[in-house]
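Q: have a look at this prediction, sequence included:
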Amino acid sequence: MLYAMIAKDKPGSGDKRVATRPVHVEHLKSMGEKLVLAGPLLGPDGNPEGSLLLLEADSLEAATATLMADPFIKEGIFGSVEVKPLRIAFNHTGKDF
């Protein structure tokens, strides 16, 4: 099943986000193909203000454990984080989930 993490940055965390990004990216790479997609949520100014990650996992608990290990969480960059199951209604990626 697919699980989405929707995270919003704490105000004023931009510099910390930039400094932590290299280890964040390594964490994402470590998920391999289980990580379906990931990217920053952008504000009106075009700068990151959060993140969206989509992960394939066996359970909500497994997805949450993997997603909550993100260095952005450990460094306190996110002010809010939700992990929710996701059912695909439209899929134009060419991949079956």
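A: That came through fine.
Q: wait, residue 64 sits on residue 83?
A: Yes: using Cβ atoms under 8 Å, residue 64 is in contact with residue 83, at 4.8 Å. For the C-beta atoms, the positions are set from N, CA and C on the backbone; glycine is no exception.
Q: which residues belonging to stretch 6-15 are considered buried?
A: For stretch 6-15, a neighbour-count test (16 or more other Cβ atoms under 10 Å) marks 7, 9, 13 as buried.
Q: hang on, I meant stretch 32-42
A: 35, 36, 38.
Q: who touches residue 8 in this structure?
A: Residue 8 makes contacts with 41, 49, 50, 78, 79, 80, as judged by Cβ atoms under 8 Å, 6 or more residues apart in numbering.
Q: run through the protein and note the low-pLDDT ranges.
A: Counting by pLDDT under 70, the chain contains no low-confidence range.
Q: now with 90, please.
A: For the chain, the stretches flagged by pLDDT under 90 are 91-97.
Q: wait, which of the buried residues of stretch 32-42 is closest to residue 95?
A: residue 36 (7.6 Å; Cβ to Cβ).
Q: that closest one: what secondary structure?
A: Three-state assignment for residue 36 (DSSP: H, G, I helix; E, B strand; the rest coil): strand.
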